[in-house]
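In: let me see the structure of the following:
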Amino acid sequence: MRWAIATGLGLLAAANVLNNRVARRWAPVTSAAATGALLLIARREGLTWHELGFRSARAGAATGGALAAAVAAGYAAGVALPRTRPLFLDQRALALSRRRVLEEAMVQVPLGTVLLEEVGFRGVLPALLGRVLPARTAAAASAALFGLWHVLPALDMARANPALGRLAAGEDPAFADGGRGGVEAGRPASGEDPALGAARPDSVDARPDSVEVGRLVAGTVASTALAGLVFHGLRHRAGLLAPALLHVATNSFGYAAARAARRLDDRRAGPTGRDQSSPGWASPVR
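Out: Coordinates of the predicted model:
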């Protein structure tokens, strides 16, 4: 069992590096292969499909579908409010073409992200750890590992979406840049490469300092670990499908929310880049 746990953790670590640093566009292939390997390890150790969370498809679909609808409503409200709109101005989404946005939302997120994370951290890991640890300790350990899994994505978020990064760190997202999260109307900030959606290496002003990045990463790890506990509770009650649907909605709907937030900011700013809220002004149709 210890060999199985160590091998599973090694597979997850390798997939994390490949998906975030080496071959991002190949994440669906990498994640599918890693998911299959994790399931083989779990089955080899005698774990049943029920123990791995593959159960209650009807309950999972009902619960996950209701939560996905709640996410959509929450995103719509957040985009509509000027105070929270900067949280959705994420260059990882805004710098992409429409085709790439569809690819991310419909392929990369469900197959490249959610599949491996849900099977790995809500299915295989807690089941394996549950053979050597009390059930609650196993769930907490899986959630903590899920938080650490997000270190590399948090480094990207610190540059691409400072407002959301500050929120994850427990800070006021509107503290800097007038509440716009370092992005004016969804356009790249000074020193930012629109093709990459991140600060260019030669731009010092566009990059957060190391202390700020450290806080953002720590906050992201803590918040995603907490989310891991919530997702595990959903898995325990309604099977893996419930947290998987919520996870897909949280990530995929974010791309549509980012586009909607930029469009609203563009209309408010107007063609001159200044607030055009005077009577009679009409925003250009985009």
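
In: tell me the buried residues in the helix or strand hosting residue 66?
Out: Taking DSSP states H and E as the definition, residue 66 sits inside helix 57-80. Going by neighbour count (16 or more other C-beta atoms under 10 Å), the buried part of helix 57-80 is 60, 63, 64, 67, 68, 71, 75, 78, 79. For glycine as for every other residue, the C-beta is placed from the backbone atoms N, C-alpha and C.

In: can you pull the contacts of the nearest residue to the fourth one once chain neighbours are set aside?
Out: What that stands for is residue 67. Among residues not flanking residue 67 along the chain, residue 246 sits closest, at 4.4 Å (C-beta to C-beta, 6 or more residues apart in numbering). For residue 246, the contact set (C-beta atoms under 8 Å, 6 or more residues apart in numbering) comprises 64, 67, 68, 71, 231, 234.

In: excluding sequence neighbours, find me the nearest residue to the third one.
Out: Looking back up the chat, that one is residue 68. Per C-beta to C-beta, 6+ apart, closest to residue 68 is residue 249, 3.5 Å.

In: report how many residues lie close to the one you found.
Out: The local packing of residue 249 (other C-beta atoms under 10 Å) involves 22 other residues.

In: now do the SS call for it.
Out: Three-state assignment for residue 249 (DSSP: H, G, I helix; E, B strand; the rest coil): helix.

In: and the pLDDT at residue 265?
Out: We have a pLDDT of 85 for residue 265.

In: number of residues surrounding it?
Out: 21.

In: residue numbering should commence at 32 henceforth.
Out: Taking 32 as the first residue, the last one we looked at is residue 296.

In: quick check, it in contact with residue 120.
Out: Yes - the pair residue 296 and residue 120 passes the contact test of C-beta atoms under 8 Å, sitting 7.1 Å apart.

In: how close does residue 128 sit to residue 137?
Out: 14 Å (C-beta to C-beta, to the nearest Å).

In: who's more crowded, these two?
Out: residue 137 (13 against 8).

In: so for the residue nearest to residue 276 when sequence neighbours are not counted, what's the pLDDT?
Out: Using C-beta to C-beta, 6+ apart and skipping the chain neighbours, the partner closest in space to residue 276 is residue 95 (2.8 Å). On pLDDT, residue 95 comes in at 97.

In: for residue 95, give me its contacts.
Out: 265, 269, 272, 273, 274, 275, 276, 277.

In: any idea how far residue 184 is from the nearest residue to residue 179 once chain neighbours are set aside?
Out: For residue 179, ignoring the flanking residues on the chain, the nearest one in space by C-beta to C-beta, 6+ apart is residue 252 at 6.1 Å. As for residue 252, its distance to residue 184 is 10 Å (criterion: C-beta to C-beta).

In: give me every residue that touches the residue nearest to residue 99.
Out: For residue 280, the contact set (C-beta under 8 Å, 6+ apart) comprises 98, 99, 102, 103.

In: next one: residue 251 from residue 257, what distance?
Out: For residue 251 relative to residue 257 (C-beta to C-beta), the value is 11 Å.

In: neighbour-wise, which of the two wins?
Out: residue 251 (23 against 13).

In: from residue 163, how far off is residue 37?
Out: Taken as C-beta to C-beta, the span from residue 37 to residue 163 is 12 Å.

In: rewinding a little: quick check, nearest of the contacts of residue 95 to residue 175?
Out: Residue 175 lies nearest to residue 274 out of the contacts of residue 95, by C-beta to C-beta, at 16.7 Å.
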